[in-house]
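> From the sequence below, what's the structure:
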Amino acid sequence: MYQYTSFDRDFLAERNAQFRAQVERRIDGSLTEDEFKPLRLMNGLYLQLHAYMLRVAIPYGTLNSAQMDQLAMIADKWDKGYGHFTTRQNIQYNWPKLRDVPDMLDALGEVGMHAIQTSGNTIRNVTADHFAGAAADEIEDPRPIAELLRQWSTDHPEFQFLPRKFKIAVSGAEQDRAVTRAHDIGLQMVRRGEDVGFEVIVGGGLGRTPMIGKTLREFLPKEDLLPYCEAIVSVYNLLGRRDNKYKARIKITVHENGIDTIRDLVEERFALLKPQFNGVDQEMLRGIEAQFAAPDFLKSSTASFKATYHEDPVFRSWVDTNITKHRNDDYAIVSISLKKQGQTPGDATSDQMRVMANIARDFAHDELRISHEQNVILPHVHRAHLPEIHTRLKAAGLATANIGLISDIIACPGMDYCALATARSIPVAQKIATRFDELKLEHDIGELKIKISGCINACGHHHVGHIGILGLDRAGVENYQITLGGDHTQTANIGERAGPGFAYDEIVPAIERLIYAYLDLRENGDETFIQTYRRLGLAPFKTALYPEAKANAA
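This next block holds a predicted model:
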């Protein structure tokens with residue numbers, strides 16, 4: 001992973017000292033809240049429903065054990081002993097005191113972390129495939145590109161006051177695990193003969209006007225990426241609307257001007273910018289790439305793993321569900337579920353963080369990743385170590401075998417924390433997960449992505465869930481709309497609204513009817529929910545959701 005230089009450390013120390021002075025001025029009344037707000041947002045500090053919230057960047061989702069240990073220490077010392085991992089590879093602390101935030105930032109700086117540009121109308125944390133550097137289907141590790149983009153975008157003087165927030169995601173594999181088509185810029189690595197480049201996608205995004213991004217360039221050589229991205233953001237900075245924040249994202253800019261016009265403007269700007277880079281960005285990239293070398297993979301027997309797999313059904317279930325193929329056949333990618341049934345999706349206690357840090361240190365080449373699905377990944381694990389890892393995770397309540405299943409739910413904080421939310425998300429996710437655990441149906445149902453948002457801003461990605469749930473306020477009462485058929489992968493699609501919403505106490509029974517309908521409708525017992533939906537369309541699922549409508553029609 002990238003190692004901070006003396007420049008990085010000095011920059012961060014100066015930035016933190018500046019914010020410490022701003023906090024003191026807010027506390028003594030020299031700054032009003034209106035004056036302080038843009039300053040705190042530049043440093044990732046929000047004012048939520050009950051308290052401040054600090055959002056910490058985990059660039060492209062990569063951590064080492066020392067960083068995870070530090071996150072645990074911060075949770076214990078300045079918060080309530082836990083952190084919340086988000087869909088954009090950040091961690092949020094929900095209960096810090098304002099006076100303590102500068103100390104939290106200094107503690108982050110000690111391990112090469114920060115909260116810069118995790119808020120505000122600027123380029124946010126650059127995200128990437130959480131299996132990067134390990135996946136069997138990978139063309140190249142995209143994280144050096146993501147790190148180059150991080151360095152370029154941090155405190156970029158032209159892009160600190162964009163029309164609206166701006167998000168970039170990078171994927172280097174055939175399977176899109178970074179939701180690139182729902183970002184302002186999505187970069188999907190592709191191969192053309194011997195050359196590696198990127199499909200450049202722009203104008204994706206969810207929220208109140210969900211859109212799938214459009215291809216701006218089918219193949220952009222890797223060496224042109226940085227000036228091309230700068231050209232895109234420059235064009236957006238000029239064209240993007242500032243008269244209406246709901247129409248300020250680049251997706252609206254692309255929609256209103258047309259992809260062909262945007263392409264012409266970007267290419268024109270790119271032609272001017274490219275000569276100015278003079279290859280300096282490629283020199284930087286080569287230096288960054290050297291820091292992302294693959295670990296020295298172990299060469300030892302996997303016999304103990306195979307024996308435990310055949311003898312222990314609990315271990316076997318966990319392996320079958322939570323383990324992904326690694327590019328090295330003796331290794332595995334381990335997904336640690338933060339979605340134990342009945343718990344808050346994405347939350348991890350400080351003790352759990354330390355357990356994961358120790359496992360990474362002892363067995364996983366000191367690497368961890370945070371996924372956009374709010375889970376933690378050990379990207380490089382020799383199969384011989386899987387039984388011991390499972391034992392440790394089980395003792396910490398982290399061995400739930402549900403990755404990709406119905407209880408592996410993405411959920412935003414909702415009205416339990418967020419000042420913007422119009423309905424609760426967390427209790428709905430908990431009730432759905434608990435209900436299907438009681439029914440013992442989870443593994444029979446198979447792959448299913450449920451995503452829940454507590455307001456129209458769609459932080460829970462409900463638009464691209466196989467089943468999406470959107471919580472809204474209807475005359476002071478929580479009402480939950482269901483969308484079906486969404487997809488966040490390389491075949492990305494916005495889900496279709498099924499019909500009228502459901503009350504809080506009706507939403508779990510509605511999901512239950514939906515699932516039983518799917519189990520009756522699927523073919524051969526192995527057709528997934530999304531495959532069945534694509535084959536049959538909305539009609540049979542709508543009938544299951546609204547049986548009273550069918551009865552009235554009869």
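
> can you give me phi and psi for Arg217?
Backbone geometry at Arg217, expressed as degrees, to the nearest 10, gives phi -140, psi 130.

> Chain neighbours aside, what residue packs nearest to it?
In this structure, Arg217 finds its nearest non-sequential neighbour in Val200, 4.3 Å apart by C-beta to C-beta, 6 or more residues apart in numbering. In this view, the C-beta of every residue, glycine as well, is placed from N, C-alpha and C.

> hang on, isn't Ser301 packed against Ala384?
Yes. With contact defined as C-beta atoms under 8 Å, Ser301 counts as touching Ala384 (6.6 Å).

> Outside of the helix or strand harbouring the residue nearest to Arg217 itself, list whatever touches it.
Using DSSP states H and E, the element containing Val200 is strand 195-202. Contact partners of strand 195-202, identified using C-beta atoms under 8 Å, 6 or more residues apart in numbering, comprise 139-140, 180-181, 183-191, 213-222, 225, 228, 232, 250, 254, 259, 262.

> Okay, buried residues for that strand please.
197-202 (16 or more other C-beta atoms under 10 Å).

> State the mean pLDDT of it.
Here strand 195-202 scores 97 as its mean pLDDT.

> and what of stretch 411-420?
Mean predicted lDDT for stretch 411-420 stands at 94.

> Which of the three states applies to His50?
Secondary structure, DSSP: H, G, I helix; E, B strand; the rest coil: His50 is coil.

> How many residues are close by the residue lying closest to it once chain neighbours are set aside?
Nearest non-adjacent residue to His50, counting by C-beta to C-beta, 6+ apart: Tyr417, 7.0 Å away. Neighbours of Tyr417 under the rule other C-beta atoms under 10 Å: 21.

> What residues does Tyr417 make contact with?
Neighbours of Tyr417 in contact, by C-beta under 8 Å, 6+ apart: 48-50, 53, 94.

> immediately after the strand or helix carrying Leu519, which helix or strand?
Secondary-structure assignment from DSSP H and E places Leu519 in helix 507-521. Once the chain leaves helix 507-521, the next helix or strand it forms, by DSSP H and E, is helix 529-536.

> And the contacts of that following helix?
Contacts of helix 529-536 (C-beta under 8 Å, 6+ apart): 445-449, 466-467, 484-485, 487, 518, 521-523, 527, 541.

> Which one of those is nearest to Ile511?
Comparing the contacts of helix 529-536 against Ile511 with C-beta to C-beta places Ile467 closest, at 6.9 Å.

> Please determine how far Glu496 is located from Leu216.
Using C-beta to C-beta, to the nearest Å, Glu496 is found at 27 Å from Leu216.

> same thing with Ala395?
49 Å.

> Then Ser453?
With C-beta to C-beta as the criterion, Ser453 and Leu216 are 27 Å apart.

> Those two - which one has more neighbours?
Ser453 (29 against 22).

> number of nearby residues for the spatially closest residue to that one that is not a sequence neighbour?
In this structure, Ser453 finds its nearest non-sequential neighbour in Gly460, 3.7 Å apart by C-beta to C-beta, 6+ apart. Neighbours of Gly460 under the rule other C-beta under 10 Å: 29.

> What residues sit buried inside stretch 477-497?
Those would be 478-489, 492-496, for stretch 477-497 by 16+ other C-beta under 10 Å.

> do stretch 384-402 as well
Quick answer for stretch 384-402 (16+ other C-beta under 10 Å): 384-387, 389-390, 392-393, 396, 398-402.

> now stretch 294-302
298, 302.

> Same check on stretch 57-77?
Buried positions in stretch 57-77, judged by neighbour count with 16+ other C-beta under 10 Å: 57-65, 67-75.

> Just the ones in helices from these, please.
Mapping the buried residues of stretch 57-77 onto helices (DSSP state H) picks out 65, 67-75.

> JSON lines for those residues, including distance to Ala429 and pLDDT?
Formatted as JSON lines, those follow (distance: C-beta to C-beta, whole Å; pLDDT from 0 to 100):
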{"residue": "Ser65", "distance to Ala429": "29", "pLDDT": "98"}
{"residue": "Gln67", "distance to Ala429": "27", "pLDDT": "98"}
{"residue": "Met68", "distance to Ala429": "24", "pLDDT": "98"}
{"residue": "Asp69", "distance to Ala429": "28", "pLDDT": "98"}
{"residue": "Gln70", "distance to Ala429": "28", "pLDDT": "98"}
{"residue": "Leu71", "distance to Ala429": "23", "pLDDT": "98"}
{"residue": "Ala72", "distance to Ala429": "24", "pLDDT": "98"}
{"residue": "Met73", "distance to Ala429": "28", "pLDDT": "98"}
{"residue": "Ile74", "distance to Ala429": "25", "pLDDT": "98"}
{"residue": "Ala75", "distance to Ala429": "21", "pLDDT": "98"}
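
> and which of those residues is nearest to Ala549?
Closest to Ala549, out of all of these and judged by C-beta to C-beta, is Ala75, at 47.7 Å.

> Relative to Ile74, how far out is the residue lying closest to that closest one once chain neighbours are set aside?
Nearest-residue entry for Ala75: Ser350, 4.4 Å, with adjacent residues in sequence omitted and distances by C-beta to C-beta, 6+ apart. Plainly put, Ser350 is 9 Å away from Ile74 if you go by C-beta to C-beta.

> Find the residues that touch each one of those two.
Shared contacts of Ser350 and Ile74 (C-beta under 8 Å, 6+ apart): Gly83.

> And Ala357, which helix or strand is it part of?
Element membership for Ala357 (DSSP H and E) is helix 350-363.

> count of residues packed around Asp416?
Asp416, neighbours per other C-beta under 10 Å, totals 17.

> my read: it touches Ile426, true?
Yes. Here Asp416 reaches Ile426: they are 5.3 Å apart, a contact under C-beta under 8 Å.

> Tell me how far Tyr427 lies from Tyr504.
Let me fix one detail, which is that residue 427 is Pro and not Tyr. To Tyr504, Pro427 is 8 Å away according to C-beta to C-beta.

> helices or strands next to the longest helix along the chain in the packing?
Assignment by DSSP H gives helix 6-27 as the longest helix of the chain. The elements that helix 6-27 packs onto, with contact taken as 3 or more C-beta pairs under 8 Å, 6 or more residues apart in numbering; DSSP states H and E, are helix 33-41, helix 101-109.

> list the buried ones in the helix or strand containing Ile252?
Ile252 belongs to helix 250-257 when assigned by DSSP H and E. Across helix 250-257, burial judged by 16+ other C-beta under 10 Å covers 250-255.

> do the same with stretch 342-350
So stretch 342-350, judged by 16+ other C-beta under 10 Å, has buried residues 343-350.

> Need the max-distance pair from those.
Between any two of the buried residues of stretch 342-350 (C-beta to C-beta), the greatest distance is 17.9 Å, for Pro345 and Ser350.

> ok, back up a step: let's have the buried residues of strand 195-202 in JSON lines, adding distance to Ala13.
Putting the buried residues of strand 195-202 into JSON lines (distance: C-beta to C-beta, whole Å) gives the following:
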{"residue": "Gly197", "distance to Ala13": "37"}
{"residue": "Phe198", "distance to Ala13": "34"}
{"residue": "Glu199", "distance to Ala13": "39"}
{"residue": "Val200", "distance to Ala13": "35"}
{"residue": "Ile201", "distance to Ala13": "37"}
{"residue": "Val202", "distance to Ala13": "36"}
